[in-house]
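**Student:** starting from these lines, generate the structure:
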Amino acid sequence: MKLVALAFAALSMAVISSPTLQDMLKQSDELFNKFDNKGTFQLLLNADKEFPGNAEVLWRLCRVETHIADHMPAVTDEEKDAQLKVYHTALDYADSAVTADPKSSMAYTYRAVANGKIALFKGVFSVGGIVKQVRNDCESAIALDPDNAIAYYVLGRTHAKLADKPVMFRWPLGLAWGNLDDAIKFFQKAVSLDPNFVMFRLDLAKAYVKDDEDEKAKEQLSAIPTIPKRDEDDDSLKTVAANLLQELNKK
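**Tutor:** Got it, this is the predicted structure:
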C-alpha cells in the first residue's frame, strides 16, 4: 500500500512538473530571441509531439525554419537544393498552421514569409502565383490583426520587389499591381507599429531613395545605429545602412 502511495505521489509530481504548452512557447521564443535556431527548432519539435496540430507551435516552426534556411550555405547546386527544401518544409508548417487555426494572423504571416523566400529563390517574375499568394496571405493577416507589423512589412517588400521591373513587363504575369507608393505606405506602417526593427527602417529608406526622397531616407538611416539587436543579421544590416547613409551624405 505504501509503495502504491509513493508511486502515485511520484506520478503526480511528474504531471505537475511537465511543461505546459505556454511554457514551451515562451521558452522557444526566448531561445529564438537569443538566435539559437537549432535549440528553438528542437524545442518546437518536442512541443509538436506533445501538442500536435497546434497553430502556435506550427507557425513558430515555420519561422525558425526560414531563419535556418536563410543561413545555410548556397553556393553549389546541392547546397541550393538543400536550402530550397528547408524553405518548403517551413511552408508546410505554415500551411498546417493555417489549417489548424484559420483565425491566426501569424499563421498567414509566416506562410507569406515562407512563400516569399521561395519566390525570391526561384525568381519573383517566374512564380507569379506564389507572389499573389504572398499578397493574399499578408492581407488576410492584417485583416485578422491590424497591428501586425511583420505582415505590413512583407507586403511592402513584395510591392517594392515588383516595382523594380516596369509595369509593361509585369502585366502579362498578372503582377502589375506592385508599385513603389504602396511599398512605402506599407513600410511606413510597419515602422510606425515597430520602430525598433532595423530591417523595417532600412527597407523604408531604400524605398525612399528610389522615390528620390533622400532626406526622408536619411532620417530612417540615422535612427538605425541606436536600435538594439533583435535579429541575427542586424549587425550586417546596420553596416549596409551606414554605407547607404554615407553615400547619401556625399550627394
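**Student:** secondary structure class for Leu175?
**Tutor:** What DSSP: H, G, I helix; E, B strand; the rest coil gives for Leu175 is coil.
**Student:** make sure it is actually in contact with Ile130.
**Tutor:** No: in this structure Leu175 lies outside contact range of Ile130 using CB atoms under 8 Å: 10.8 Å. Just so you know, the C-beta spots here come from the backbone N, C-alpha and C atoms, and that holds for glycine as well.
**Student:** who has more neighbours, these two?
**Tutor:** Leu175 (20 against 17; other CB atoms under 10 Å).
**Student:** which residues touch the more buried one?
**Tutor:** 125, 128, 131-132, 162 (CB atoms under 8 Å, 6 or more residues apart in numbering).
**Student:** now those residues in TSV, with neighbour count and distance to His67?
**Tutor:** Shown next, in TSV, are the contacts of Leu175 (neighbours: other CB atoms under 10 Å; distance: CB to CB, whole Å):
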residue	neighbour count	distance to His67
Phe125	16	26
Gly128	16	26
Val131	25	21
Lys132	17	25
Leu162	24	24
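**Student:** which two among the residues you listed are spaced furthest apart?
**Tutor:** Using CB to CB, the contacts of Leu175 span at most 12.4 Å, a distance reached by Phe125 and Lys132.
**Student:** and stretch 78-88, C-alpha only, in CSV?
**Tutor:** Presented in CSV, the C-alpha positions along stretch 78-88 are these (Å, rounded to 0.1, in the frame of the first residue of the first chain):
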residue,chain,number,x,y,z
GLU,A,78,23.5,20.7,-54.0
GLU,A,79,23.6,23.4,-51.3
LYS,A,80,20.9,25.4,-53.1
ASP,A,81,18.7,22.3,-53.4
ALA,A,82,19.1,21.7,-49.7
GLN,A,83,18.2,25.3,-48.8
LEU,A,84,15.1,25.2,-51.0
LYS,A,85,14.0,22.0,-49.4
VAL,A,86,14.1,23.7,-45.9
TYR,A,87,12.1,26.6,-47.2
HIS,A,88,9.5,24.2,-48.5
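**Student:** tell me the mean pLDDT over it?
**Tutor:** Mean pLDDT, computed over stretch 78-88, is 98.
**Student:** one more: stretch 149-157?
**Tutor:** For stretch 149-157, the mean pLDDT works out to 98.
**Student:** give me the contacts around the longest helix along the chain.
**Tutor:** Longest helix in the chain by number of residues (criterion: DSSP state H): helix 77-100. The contact list for helix 77-100 (CB under 8 Å, 6+ apart) reads 53-55, 58-59, 61-63, 65-66, 68-69, 72-74, 104, 106-108, 110-111, 113-115, 117-118, 121.
**Student:** all strands for the stretch 101-250 of the chain, in order.
**Tutor:** Read by DSSP state E, counting those that start in this stretch, the stretch 101-250 of the chain holds no strands at all.
**Student:** which of the contacts of helix 77-100 are buried?
**Tutor:** Among the contacts of helix 77-100, those scoring as buried are 54-55, 58-59, 61-63, 65-66, 68-69, 74, 104, 106-108, 110-111, 113-115, 117-118, 121 (criterion: 16 or more other CB atoms under 10 Å).
**Student:** in helices, which of those appear?
**Tutor:** Filtering the buried ones among the contacts of helix 77-100 for helices - DSSP H - leaves 55, 58-59, 61-63, 65-66, 68-69, 106-108, 110-111, 113-115, 117-118, 121.
**Student:** from the contacts of Leu175, pick the one nearest Leu44.
**Tutor:** Taking CB to CB as the measure, Leu44 lies nearest Val131 of these, at 27.9 Å.
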